[in-house]
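In: Following is a predicted model, sequence given first.
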Amino acid sequence: MTDVIAPHGGVLKDRRLDAAAAQAVKQSAVDWSSWDLTERQICDLELIANGGFSPLEGFLGQADYERVLKDMRLSDGTLWPMPITLDVSEAFADTVVLGDKIALRDPEGVILAVLTVTDCWRPDWAEEAQQVFGTTDRAHPGVAYLYEQSHPVYLGGPIDALSLPSHYDFTHLRPTPAELRERFRRNGWRRVVAFQTRNPMHRAHVELTFQAARQAEANLLIHPVVGMTKPGDVDHYSRVRCYEHVLKKYPEQTTALSLLPLAMRMGGPREALWHAIIRRNYGCTHFIVGRDHAGPGKGSDGEELYGPYDAQELVTRYRDELGIEMVPFRMMVYVEERAGYAPIDEVDETTETVMNISGTEFRRRMREGLDIPAWFGYPEVVEELRKTYPPRAQQGFTLFFTGLSGSGKSTIANAVMVKLMERGGRAVTLLDGDVVRKHLSSELGFSKAHRDLNIRRIGYVAAEITRNGGAAICAPIAPYASTRAAVKDMVESANGGFIEVHVSTPLAECERRDRKGLYAKARAGQITGFTGIDDPYEAPSAPALRIDTTDQTPEEAAQQVLLKLEGLGFIDLS
Ligand code: PPS
C-alpha cells in the first residue's frame, strides 16, 4: 500500500495489499465470516481500493456517516458528500463483533478484500434519503435503492484489498487513478478536463466537450460510468462501442477515453460534487458540469426533483476546497441558421431557430425505425444503437396471458403460437401454466410465495427469450399484480416488448366449463386455495388487451391478439 501525493488536492490512497500480504490474508480468511458483496458494493470497493474514492480508506463508520449526511464532510472536516456504506443483513450482522475481520467476496466466492469492523449500526433510511437526496420519494432511483435493495445494518471500517474486482470487458480502457495520472504525465497533459456521462454521446455532447476543452485550455478525458447507472439506461457495452466511434471525431492526441466503475446514486447536486472529487483523484484538473447533472428525473408528483442548474450552484459553493475546477455548461442546442451548436443562453430565440431531439423522442424514433437526422447523431453511433435497439419488427417480445383457470388462456396462447410459427421470422416458445409447473416448478404448490416464485421463473425465462429476439408466450394464472409488474420490468430491461393480455372470462363461465373438474373439487373443499374460489385474483388494471372467451372462438381471440401485435409494430400481417 503506497499513498501517492496528488498534484491537485490531497493524497491518493491505494488500499491494495502486496502479493505476500494478500496470500497471508487469504490463508487466515478461512476462519472469518464472509460477506458476499452486492453489485453496488463491488463498485464501491473497487474505487476505495484503487484510490478513486480518496481519502476514504474503507466503508464509512457511524461518525463519518452522520457528518456526511449532515454537512457533506467526514468527521475530520474533509469534504465528502456521499455516504459509502456496507449494508448487511441482520443475520450476518449478528455474527460480527467489533474488531473482527470479515472477508468481502464477489458473487463467485473470490475474496476481494478484508474489512476490519470498527462500527455496526442501524441507519434511519428516511433520514438518509432526506439528507442525501432531499426527498423520501421512491420515484428517485437512489431512494428506491435504499428502501428496496439495501440491507438494514451498516458495517464500517478500513479495508485491505487482495485484488481489484475482475473485469473481462474493455480491459485496456480501465486504468486505475494512479495509472491514468501517470499516462497524463507521460503525455505532458498538465490540464485535463473530464466529461462524465451515462448516455451515448451525440453531436451536442461532442460540441460541448470541444468547447469546454477550448475554454479550459485543456486536454479532454471522456470518462463514462460503466458501473451502475440509472435503471433503464443503455447498457455499457453498447455505449462503449459508441464512445469508441465518437473518439475519432476529436483531433488526434487531444482526447482520451477511460471507463469509471462507479455505482451512481443519481443524487444531482451532491453527486456532482462527488463526481468532481473522483475526477480530481483520477488526475483531472477540470470537470464539466452541464444541465441536470446526475439528475434522477421526475418525482411521483410529476415535478423534476432538482432544478436544472442546482448541481452547478452547489459545486460553485465548494470550489475553493475541491482541488478541481468546474467548467459549467448550459444546455447545447442546434441552431439552424448557424448550422452548428451553441449553449442555449447564447441563442436569441426571437431571430434564430433552435432544434433539439429529446431523449423520449430519440427513443421513439429508434423504436419505430425512423430517421435520426445527421445534425443530431453520428451515423456510426446511431447504427451501433440500432443493433441494441432494433425497431419493434425485429425486437423480441413476451406475450403474457393472465386469467382464471379455465378462462381460455392456454387455448388462445396455443392458437397464437401456431399462427406466429406459420408466419415465421421469430423463434416462438410457449410457457403454459401447466407445462411450466411440470418442468420448471414441479416442487412448488399454490401458496402466495410459491405462485410468485413460479411467475418470476417464467419471467426470467421469458426475458431471456425476449433478449435474444424470440417471442415468449406465457399463459399462467399469475394472480398478483405486483408479480406481473416485476415480470414486465424483467422483460423490458431485456430490450423487448411486454404485452399483457387479460383473459377476462368470468368466474361463472370458467366454473361452468370446469374442464379439469377442479372447480367442483374446490367447491367441495377437496382443494383449498383455488384461485377465484378461496384465493384472490387481482385483475390487471390496464392490460394491452382484454379478451372474454364466453362468446368467442379461439380463432377470433387469437386474431385480436395478432392485430394488437401488429398495431404495436411487432409483426406485419400484410
Ligand atoms: S399460478 O398462480 O400462476 O402460479 O398458477 P399456474 O401455475 O398458472 O397454475 C397452473 C394450473 O394449476 C391448476 N391448479 C390450480 N390453479 C389455481 N389454484 C390452485 N389452488 C390450483 N391447483 C391446481 C390449474 O389447473 C392451473 O391451470 P389452468 O391452465 O390455469 O387451468
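Out: It's in. Numbers count the residues shown, from 1 in each chain.
In: Name the nearest residue to the residue in the stretch 351-500 of the chain that the ligand sits nearest to, sequence neighbours excluded.
Out: Going by CB to the nearest ligand atom, the ligand is nearest to Gly433 of the stretch 351-500 of the chain, at 2.8 Å. (C-beta placed from N, C-alpha, C; glycine too.) Using CB to CB, 6 or more residues apart in numbering and skipping residues adjacent in sequence, the residue nearest Gly433 is Pro476, 4.0 Å away.
In: Was I right to think the one you found contacts Asn454?
Out: Yes: the criterion here is CB atoms under 8 Å, and Pro476 meets it with Asn454 at 6.8 Å.
In: Tell me how many other residues crowd Gly302.
Out: 7 (other CB atoms under 10 Å).
In: which SS class is it?
Out: Secondary structure assignment for Gly302 (DSSP: H, G, I helix; E, B strand; the rest coil): coil.
In: could you check the distance from it over to Phe446?
Out: Using CB to CB, to the nearest Å, one gets 39 Å for the distance from Gly302 to Phe446.
In: returning to what we had before: overlap in contacts of Pro476 and Asn454?
Out: When CB atoms under 8 Å, 6 or more residues apart in numbering defines a contact, the residues bordering Pro476 and Asn454 alike are Val436.
In: Among these two, which residue is more densely surrounded?
Out: Pro476 (28 against 22).
In: Now do that one, the pLDDT please.
Out: Pro476 carries a pLDDT value of 97.
In: just checking, what packs against the lengthiest strand in the chain?
Out: Secondary structure assigned by DSSP state E gives strand 153-161 as the longest strand of the chain. Applying 3 or more CB pairs under 8 Å, 6 or more residues apart in numbering; DSSP states H and E, one finds that strand 153-161 contacts helix 39-50, strand 58-59, helix 62-71, strand 86-88, helix 90-94, strand 111-116, strand 119-121.
In: right, so those: which one is the most enclosed?
Out: strand 58-59 (a mean of 26; mean count of other CB atoms under 10 Å).
In: Quick check: Leu573 touching Lys564?
Out: No: using CB under 8 Å as the test, Leu573 is too far from Lys564 to be in contact (11.0 Å).
In: Mind checking which of the two has more residues around it?
Out: Lys564 (17 against 11).
In: Helix or strand: which one has the more buried one?
Out: If you go by DSSP states H and E, Lys564 is part of helix 554-567.
In: Next, work out how far apart the closest residue to Arg457 other than its chain neighbours and Gly433 are.
Out: Using CB to CB, 6+ apart and skipping the chain neighbours, the partner closest in space to Arg457 is Leu440 (5.3 Å). Separation of Leu440 from Gly433 (CB to CB) stands at 11 Å.
In: who has more neighbours, those two?
Out: Using other CB under 10 Å as the criterion, Leu440 and Gly433 rank with Gly433 on top: 22 against 15.
In: Tell me the pLDDT of the more buried one.
Out: So, for Gly433, pLDDT stands at 85.
In: for Leu260, same thing?
Out: Looking at Leu260, the pLDDT reads 98.
In: okay but it is in contact with Gly227, surely?
Out: Yes: Leu260 lies in contact with Gly227 (CB under 8 Å); the separation is 7.1 Å.
In: partner residues bridging Lys298?
Out: Glu304 (DSSP bridges).
In: Pop the domain breakdown of the chain in here.
Out: According to automatic domain parsing, the chain is divided into the following domains: 2-161, 171-260+266-334, 392-568.
In: how about these in JSON lines, adding distance to Phe376?
Out: Listed next are those as JSON lines, based on distance: least, CB to CB, whole Å:
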{"stretch": "domain 2-161", "distance to Phe376": "26"}
{"stretch": "domain 171-260+266-334", "distance to Phe376": "6"}
{"stretch": "domain 392-568", "distance to Phe376": "21"}
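In: Chain neighbours aside, what residue packs nearest to the residue nearest the centre of the chain?
Out: What sits nearest the mean C-alpha location of the chain, by CA atoms, centre = their mean, is Pro231, with 3.0 Å. The shortest distance from Pro231 to any residue other than its chain neighbours is 6.1 Å, reached at Pro141 (CB to CB, 6+ apart).
In: Let me know the average pLDDT across the lengthiest helix in the chain.
Out: Looking across the chain with DSSP state H, the single longest helix is helix 448-467. For helix 448-467, mean pLDDT is 97.
In: could you check whether it is close to the ligand?
Out: Yes: using CB under 6 Å from any ligand atom, helix 448-467 comes into contact with the ligand via 451, 454-455.
In: lowest-confidence helix or strand of this structure?
Out: strand 4-5 (a mean of 46; mean pLDDT, DSSP states H and E).
In: could you point out which element follows it?
Out: Defined by DSSP H and E, the subsequent element after strand 4-5 is strand 11-12.
In: Remind me what the longest helix of the chain packs against, helices and strands.
Out: Helix 448-467 packs on strand 397-403, strand 428-432, helix 433-439, strand 471-475, helix 481-492, going by 3+ CB pairs under 8 Å, 6+ apart.
In: 10 Å instead, please
Out: strand 397-403, strand 428-432, helix 433-439, strand 471-475, helix 481-492, strand 497-503 (3 or more CB pairs under 10 Å, 6 or more residues apart in numbering; DSSP states H and E).
In: Using PDB, write out every CA atom in it.
Out: The C-alpha trace of helix 448-467 is given here as PDB (Å, rounded to 0.1, in the frame of the first residue of the first chain):
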ATOM      1  CA  LYS A 448     -48.600 -16.900  -2.500                       C
ATOM      2  CA  ALA A 449     -44.900 -17.300  -2.100                       C
ATOM      3  CA  HIS A 450     -44.800 -20.300  -4.400                       C
ATOM      4  CA  ARG A 451     -47.100 -18.700  -7.000                       C
ATOM      5  CA  ASP A 452     -44.800 -15.600  -7.000                       C
ATOM      6  CA  LEU A 453     -41.700 -17.800  -7.400                       C
ATOM      7  CA  ASN A 454     -43.400 -19.700 -10.300                       C
ATOM      8  CA  ILE A 455     -44.200 -16.500 -12.100                       C
ATOM      9  CA  ARG A 456     -40.800 -15.000 -11.500                       C
ATOM     10  CA  ARG A 457     -39.200 -18.100 -13.100                       C
ATOM     11  CA  ILE A 458     -41.500 -17.700 -16.100                       C
ATOM     12  CA  GLY A 459     -40.500 -14.100 -16.200                       C
ATOM     13  CA  TYR A 460     -36.800 -14.900 -16.100                       C
ATOM     14  CA  VAL A 461     -37.100 -17.400 -19.000                       C
ATOM     15  CA  ALA A 462     -39.300 -15.100 -21.000                       C
ATOM     16  CA  ALA A 463     -36.900 -12.200 -20.500                       C
ATOM     17  CA  GLU A 464     -34.000 -14.300 -21.800                       C
ATOM     18  CA  ILE A 465     -36.000 -15.400 -24.900                       C
ATOM     19  CA  THR A 466     -37.000 -11.800 -25.500                       C
ATOM     20  CA  ARG A 467     -33.400 -10.600 -25.100                       C
END
